[in-house]
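Undergrad: Got a sequence here, can you build the structure:
(chains A, B, C and D)
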Number of protein chains: 4
Amino acid sequence: MLSKPQLDSPIFVEGLPGFGNVGKTAGQLIIEFTHANVFAELYSPSFPDYVSVDKSGLAVPPKYDLHAATLGKTQFLIMSGDVQPSREDVVAHYLLCDTVLDFLAQYNCKFVVTMAGLTTPKPAGEVYVAATSTDLAAKAVEKGAVLYGGGRILGAAGLLLGLAKLRNWEGMCLLGSTTGLKADREAAYSVFRLLMRMFGTEPPPNNLPEDKKPE
Amino acid sequence: MLSKPQLDSPIFVEGLPGFGNVGKTAGQLIIEFTHANVFAELYSPSFPDYVSVDKSGLAVPPKYDLHAATLGKTQFLIMSGDVQPSREDVVAHYLLCDTVLDFLAQYNCKFVVTMAGLTTPKPAGEVYVAATSTDLAAKAVEKGAVLYGGGRILGAAGLLLGLAKLRNWEGMCLLGSTTGLKADREAAYSVFRLLMRMFGTEPPPNNLPEDKKPE
Amino acid sequence: MLSKPQLDSPIFVEGLPGFGNVGKTAGQLIIEFTHANVFAELYSPSFPDYVSVDKSGLAVPPKYDLHAATLGKTQFLIMSGDVQPSREDVVAHYLLCDTVLDFLAQYNCKFVVTMAGLTTPKPAGEVYVAATSTDLAAKAVEKGAVLYGGGRILGAAGLLLGLAKLRNWEGMCLLGSTTGLKADREAAYSVFRLLMRMFGTEPPPNNLPEDKKPE
Amino acid sequence: MLSKPQLDSPIFVEGLPGFGNVGKTAGQLIIEFTHANVFAELYSPSFPDYVSVDKSGLAVPPKYDLHAATLGKTQFLIMSGDVQPSREDVVAHYLLCDTVLDFLAQYNCKFVVTMAGLTTPKPAGEVYVAATSTDLAAKAVEKGAVLYGGGRILGAAGLLLGLAKLRNWEGMCLLGSTTGLKADREAAYSVFRLLMRMFGTEPPPNNLPEDKKPE
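TA: Predicted structure coming up:
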């Protein structure tokens, strides 16, 4: 814990690696757009057993960064990171996601948004939605999302949503349509825009640096 | 726990995925036939780390549903579900099955029936039986089952039976003969009928909706 | 625990499945020769998650059987079984072997003999030995064993010996030379004879039923 | 624990198996050069489940040896061993490394040096460095190291460094450039020399026995 932010009932947003890196990239876009600050780091023994070394030779163990931001009347608590637990260590993954939710509960958070890629043969910028209630899914559809009509959501994006539901929290997963074959900035951008639109703030397309705009 | 049913010494029936999906399908047939109601849900960190999304976009974590039903003088406590723990996480599987048995013990349950598929080259509707005693196996053979003369029963169908035996409970596994290459509704139906016959109630073949009858 | 035998400082003998099934078969020969009786069963959640079904349709979970026997002045505590924990679940294997040693400590056991197969290109009935002291290895060599001059002993046969050494117990592993390609009764018989010889009782070759004698 | 050495704030040096066996071999060179003595052994249930047998038939479970040495004003606590936990059991690896650091904390150790191989297409004796601070990395570069400009350090060499950093200790990893295709004594020697140079003692090349000098 680096500092204790004044957060009350923030929207939790998760952006971790996965298909087309959509979730992670969308998370980065939100962090940049909202000028969010890191206020805590999360380490776990179920993260991979290596350290990452950056360009300046600094060694850092795998971690999740927790950022705080305010946009109009909405507070965001955004989690970014470079890793997910091994898909073989399922129990560890459940425990880790539960730890994250316990952490969020401290801030009276009751709403989680997870983001991921959904592999489709011909992605055309669609953002699919699955949610903890049909009302909430409908709300996302109103803003331009497509209902995710059956399937699975793998990893933290699925598990955080599922475990939040068991706590009677609300939440949704936004899935950017992607081939999954390459890092898909365009899909991430679509997810980012839809999320912002849902919380009342449409980001002007020109607001982002040139190299970050999708075609 | 959704509600607390009035169950005393029910027969426990397990129907989970496996070879030819026989166990799961037989469980569904019993649930439909007995008009059983879900009264509890079981979640476990050893279930797969994803959520399932249904046709209406609702996200649900993997779970087992526990149903209660009464048929004549017999009470049933039926467990259905879409998943089994990973076969690599053996310890978790033992603990999960033990948790299920602890749950059953609350209702004074001392009798478990597990259901599974048994892959055979030319299945012809046989239902094999293995049991915690030769008497019980003989009773099933009287009703038309074939003695399972040596082998193994994998997963929850085997483990629940084995751990029940260690608690000095009674139980048996009914194995529908199947090629295992496709979902085998016919094998499931044979298992379902044999089970009903053992507990005094032969389901009339016409009792089921048209599309559910095997050829 | 089925009964509590009058054992004091018995020799522990382990015979579990492995290369050429040498350890397990040698264990069975000792059990038959000493007319040992099962007095306890050991179950573990790190055993495979299935039940075995025997010819009469009886379902039994995987277990280790603990047998007691007396031969002259020597008491034996023999452990047999059909399974070993998965080689992937290393921690479970350590814990299981430690549990076995804790169990032995109740009987003041301080001497463990493990048995295994050692794959060699042209096995000719040699029995290799590794031990917790050079003295003990020399004693086995005197009785006809060959010094195992460097290598590894996998699984329970190695681990029980190693963990016994950490408790300052004595022990040795007898490794029957085998191709490992088939169940090797001859190698098991060599191990069995050497073990008996070390504890003062050479089994007469004709003492075993016809079908059990090696060529 | 074999004996309790008079160590205060020693430099911890880790040398375990890995690419080109560079870390392990460098550790052995340091142990020989400093005439370090084993004062403790570390055993873990996450080590492989076998025993090693040496040339005299002695069976020994896998372990880490902890050595103490003094060189001028610097004390060293050197850890050597033949194994690392399975890369699949990530949680065990974190716990083991944490146990090592807890052990070091008893001696007021706050500085860890890990050693490993870094696979490069054409190794030419370079030693790369990653560290817990840019200052420390610069110090190693001054002595001839090359900055490791981005990547990962796998296994204990990475994890010990990363977890030390989380405790606000200092540390660095020295990575000897190697093809990784064979045991690379030359790379290990380069790492060894750089480490000695950093702590004020350049080993004269002729100081080592003939067969230990690289070409």
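Undergrad: Just the CA coordinates for the strand or helix carrying A:A137, please, in PDB.
TA: Following DSSP states H and E, one finds A:A137 within helix A:134-142. These are the backbone C-alpha positions of helix A:134-142, laid out as PDB (Å, rounded to 0.1, in the frame of the first residue of the first chain):
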ATOM      1  CA  THR A 134     -30.200  -8.800 -17.400                       C
ATOM      2  CA  ASP A 135     -31.000  -5.100 -16.600                       C
ATOM      3  CA  LEU A 136     -27.300  -4.300 -16.500                       C
ATOM      4  CA  ALA A 137     -26.700  -6.100 -19.700                       C
ATOM      5  CA  ALA A 138     -29.500  -4.200 -21.300                       C
ATOM      6  CA  LYS A 139     -28.000  -0.900 -20.100                       C
ATOM      7  CA  ALA A 140     -24.800  -1.800 -21.900                       C
ATOM      8  CA  VAL A 141     -26.700  -2.800 -25.000                       C
ATOM      9  CA  GLU A 142     -28.400   0.600 -25.000                       C
END
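Undergrad: Phi first, then psi, for A:P5.
TA: phi -80, psi 160 (degrees, to the nearest 10).
Undergrad: Wait, it touches A:A69, no?
TA: No. With contact taken as Cβ atoms under 8 Å, A:P5 and A:A69 are classed as non-touching, separated by 9.3 Å. Just so you know, the C-beta spots here come from the backbone N, C-alpha and C atoms, and that holds for glycine as well.
Undergrad: List the contacts of the residue in chain A positioned nearest to chain C.
TA: For chain A and chain C, the shortest gap (Cβ to the nearest Cβ) falls at A:E88, measuring 9.3 Å. Contact partners of A:E88, counting by Cβ atoms under 8 Å, 6 or more residues apart in numbering or on different chains, are B:S86, B:E88, D:E88.
Undergrad: ok but the last one is inside a strand, no?
TA: No. According to DSSP: H, G, I helix; E, B strand; the rest coil, the state of D:E88 is coil, so it is not within a strand.
Undergrad: what's the pLDDT at it?
TA: In this model, D:E88 is scored at 75, pLDDT.
Undergrad: same thing with the one 10 residues further on?
TA: At D:D98, the predicted lDDT confidence score is 95.
Undergrad: and it, what is it in contact with?
TA: Applying Cβ under 8 Å, 6+ apart to D:D98 gives the contacts D:L163.
Undergrad: now the helices for chain A?
TA: Assigned by DSSP state H, chain A shows helices spanning A:22-34, A:90-105, A:134-142, A:155-166, A:185-198.
Undergrad: Show me which residues of chain A are close to chain C?
TA: Among all residues of chain A, none is adjacent to chain C (criterion: Cβ under 8 Å from any Cβ of the partner chain).
Undergrad: run the last query once more with 10 Å
TA: A:E88 (Cβ under 10 Å from any Cβ of the partner chain).
Undergrad: Against the centre of chain A, work out the most remote residue.
TA: Largest separation from the mean C-alpha position in chain A: A:G57, at 28.6 Å (Cα atoms, centre = their mean).
Undergrad: which non-adjacent residue is nearest it?
TA: Leaving out its chain neighbours, the residue that sits closest to A:G57 by Cβ to Cβ, 6 or more residues apart in numbering or on different chains is D:A137, at 4.0 Å.
Undergrad: Can you point out the buried residues in stretch A:125-145?
TA: Buried residues in stretch A:125-145, counting neighbours by 16 or more other Cβ atoms under 10 Å in any protein chain shown, are found at A:126-133, A:136-137, A:140-141, A:143, A:145.
Undergrad: same thing with stretch A:158-175?
TA: When burial is assessed from 16+ other Cβ under 10 Å, stretch A:158-175 yields the following buried residues: A:158-165, A:169-175.
Undergrad: Could you do stretch A:14-32 as well?
TA: Residues of stretch A:14-32 classed as buried under the neighbour-count rule (16+ other Cβ under 10 Å) are A:14-31.
Undergrad: What is the end-to-end distance of it?
TA: 14 Å (Cα to Cα, to the nearest Å).
Undergrad: what about that stretch, near chain D?
TA: No. Stretch A:14-32 does not reach chain D (Cβ under 10 Å from any Cβ); its nearest approach is 14.4 Å.
Undergrad: Just checking the distance from that stretch to the centre of its chain.
TA: 6 Å (Cα atoms, centre = their mean, to the nearest Å).
Undergrad: Is chain B within reach of that stretch?
TA: No. On the criterion Cβ under 10 Å from any Cβ, stretch A:14-32 is out of touch with chain B, staying 11.6 Å away.
Undergrad: Okay, now the unreliable bits of chain A?
TA: Judged against pLDDT under 70, the low-scoring parts of chain A cover residues A:1, A:202-215.
Undergrad: now do 90
TA: For chain A, the stretches flagged by pLDDT under 90 are A:1-6, A:72-73, A:84-92, A:149-150, A:180-182, A:199-215.
Undergrad: What residues does it have near chain D?
TA: Neighbours of chain D within chain A, by Cβ under 10 Å from any Cβ: A:41, A:43-63, A:85-86, A:88-89, A:91-92, A:95.
Undergrad: now, which of the residues you listed lie within strands?
TA: With DSSP state E as the criterion, strands contain A:E41, A:Y50, A:V51, A:S52, A:V53, A:A59, A:V60 from among those.
Undergrad: isn't A:N168 right next to A:T132, touching?
TA: Yes. Here A:N168 reaches A:T132: they are 8.8 Å apart, a contact under Cβ atoms under 10 Å.
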